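In: turn this into a model:
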Amino acid sequence: LKKVAYYDELTGLYNNRSMINKINSELKSKKNFTILSVDIDRFKIINNSLGHKIGDRVIIEFANRICKLSKDKYFVSRFSGDSFIIFINGKDSLQKAEELANSIHKKNKIPIKAAKNEIYLTSSIGISNRNKVNKSAHEYLRDVDNALYQSKEIGRGSYAIFNNEMFKKVTDQLSMESEIIKAIESNDFELYYQPIINYKSKKITHFEALLRWNHPKLGLIGPDKFLGSILEMGYISKLDRMVIKKAIMDVSEIVRYDKNTCVNINISAVQFGMDDLPEFILKTIKKNKITAKNIRFEITESEVLENIENAISIIEKLKKAGVYFVMDDFGIGYSSLNYLRRIPIDMVKIDRSFILNMVEDKITHDIVNTMVNLFQNLNFKVVAEGVENNMQDSLLKNMNIDYVQGYKYGRPMPKSEIIKLLKIQKK
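Out: This next block holds a predicted model:
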């Protein structure tokens with residue numbers, strides 16, 4: 001019974017209960033110690049592709065490596081799955097922890113042999129040293145896990161040592177997530193609209209709907225500050241639907257001042273996994289008494305590729321109803337002409353990074369020119385994104401660009417401001 005309670009059945013190492021007891025016991029003394037959290041990168045792929053039997057063999061071999069490298073001097077536990085926690089005592093424990101981390105990475109260069117398979121591993125490692133703040137094992141395990149996730153961000157085959165900056169980052173993230181939930185419930189997210197100009201007529205013909213968070217303390221925040229958190233939290237689908245509904249409602253008011261105006265709405269890859277998307281969009285359009293031609297959806301190639309067959313099916317259904325689609329950020333990511341052929345779009349946006357560099361760099365200029373010619377020959381309308389100055393504008397004019405968007409022509413603005421612009425344009 002004691003073996004079952006305190007040891008891991010697969011590897012024979014101590015289990016998580018033993019490690020928690022060990023840390024709490026050592027906290028009663030004043031000795032220095034360091035804790036490592038080690039996990040196998042992408043272990044799920046090994047399990048899913050080669051089977052759990054080989055996965056177990058890899059876990060056992062990896063555990064043996066850690067024990068040999070520890071020379072039986074350290075307290076080693078299999079904490080869960082492919083996660084191992086190592087406890088090192090002594091004044092120089094931090095130095096020993098770093099040495100062990102480097103040894104594990106070095107050993108990983110030798111493949112593990114399991115049932116005729118040679119499996120090369122990489123590991124992420126977090127390290128936390130004893131401090132004056134933490135009072136329990138759970139606090140140290142929290143810190144060492146944060147360090148481990150930091151090492152994953154650095155890149156496979158690295159390690160990270162926990163510090164106060166990481167703690168602040170984590171607490172800020174938790175605070176941000178709590179505020180995001182409240183913001184979604186209280187409808188604190190707003191849409192701002194950036195003009196898209198028909199280059200020949202110099203008139204506003206489209207607006208791109210851009211999400212902003214009207215934060216009670218920080219003011220207006222752009223999506224780069226919160227969208228990553230929303231994705232991690234699993235709220236992106238709910239937010240997508242909110243944006244679609246809000247944008248279409250706004251369009252119903254905007255078209256009173258110009259019935260031909262279109263609004264471009266960005267949607268995430270998550271939506272292409274939802275078969276009810278066409279029905280939701282078309283019902284929302286009908287409810288707000290606008291036409292499908294007033295709506296365009298901006299998609300990125302990488303988002304479509306996550307679920308390409310379903311995405312194409314959804315796009316085709318909406319196109320039959322008159323909805324247009326725009327390929328956003330072309331030039332970065334895959335930028336495959338094959339996918340451009342398969343995905344039924346109407347317009348392409350050249351990524352702002354090309355527009356930014358084409359004045360100074362002739363190769364970039366030639367790439368933009370080639371893309372414009374290619375897309376127009378394929379009967380796609382072309383938008384240049386990120387136009388900020390007269391030099392960029394002049395070069396695009398020579399390329400016979402169809403549409404331009406950027407600070408030179410207008411920053412994102414609330415609905416009330418774009419209505420003012422349309423009123424002036426009408427006069």
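
In: switch to C-alpha atoms for all contacts and neighbour counts from now on
Out: OK.

In: just say helix, strand or coil for residue 175.
Out: Assigned with DSSP: H, G, I helix; E, B strand; the rest coil, residue 175 falls in the helix class.

In: got it, and the one 3 residues further on?
Out: Secondary structure of residue 178, reduced to three states by three-state DSSP: helix.

In: how many residues are close by it?
Out: By other C-alpha atoms under 10 Å, the residues close to residue 178 number 11.

In: would you check how far apart it and residue 150 are?
Out: 21 Å (C-alpha to C-alpha, to the nearest Å).

In: may I see the buried residues of the strand or helix carrying residue 302?
Out: Secondary structure assigned from DSSP states H and E places residue 302 in helix 301-305. Residues of helix 301-305 classed as buried by neighbour count (16 or more other C-alpha atoms under 10 Å): 301, 303-305.

In: got TSV for those residues, with pLDDT and distance to residue 16 too?
Out: Listed next are the buried residues of helix 301-305 as TSV, based on pLDDT from 0 to 100; distance: C-alpha to C-alpha, whole Å:
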residue	pLDDT	distance to residue 16
301	79	43
303	79	39
304	81	41
305	77	40
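
In: pick out whichever of those residues sits closest to residue 319.
Out: Nearest to residue 319 out of those is residue 304 (C-alpha to C-alpha; 15.5 Å).

In: so what's the closest one up against?
Out: Shown in contact with residue 304 (C-alpha atoms under 8 Å, 6 or more residues apart in numbering): 269, 272, 311-312.

In: and after the helix holding residue 302, which helix or strand comes next?
Out: Next element after helix 301-305 (DSSP H and E): helix 308-320.

In: so after that following helix, what's the next helix or strand?
Out: strand 324-330.

In: show me what that next one is packed against.
Out: strand 295-300, helix 301-305, helix 308-320, strand 347-350 (3 or more C-alpha pairs under 8 Å, 6 or more residues apart in numbering; DSSP states H and E).

In: of those, which approaches residue 103 most closely?
Out: helix 301-305 (37.3 Å).

In: for the closest one, what is the distance to the chain centroid?
Out: With C-alpha atoms, centre = their mean, to the nearest Å as the basis, helix 301-305 stands 13 Å off its chain's centre.

In: using CSV, write out every CA atom in it.
Out: The C-alpha coordinates for helix 301-305 follow below in CSV (Å, rounded to 0.1, in the frame of the first residue of the first chain):
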residue,chain,number,x,y,z
GLU,A,301,-4.8,31.6,-45.6
SER,A,302,-3.4,30.0,-42.4
GLU,A,303,-6.8,30.1,-40.8
VAL,A,304,-8.5,28.4,-43.8
LEU,A,305,-5.8,25.7,-43.9
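
In: now the buried residues of helix 301-305 as TSV including distance to residue 8?
Out: As requested, the buried residues of helix 301-305 are arranged in TSV below (distance: C-alpha to C-alpha, whole Å):
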residue	distance to residue 8
301	45
303	41
304	43
305	41
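
In: just for the chain, where's the confidence low?
Out: 1-2, 333-336 (pLDDT under 70).

In: what does the longest strand anywhere in it rub up against?
Out: For the chain, the longest strand by residue count, based on DSSP state E, is strand 203-215. With contacts defined as C-alpha under 8 Å, 6+ apart, strand 203-215 is touched by 183, 188-198, 219-223, 243, 247, 260-266, 412, 422, 425.

In: right, I'll leave it there.
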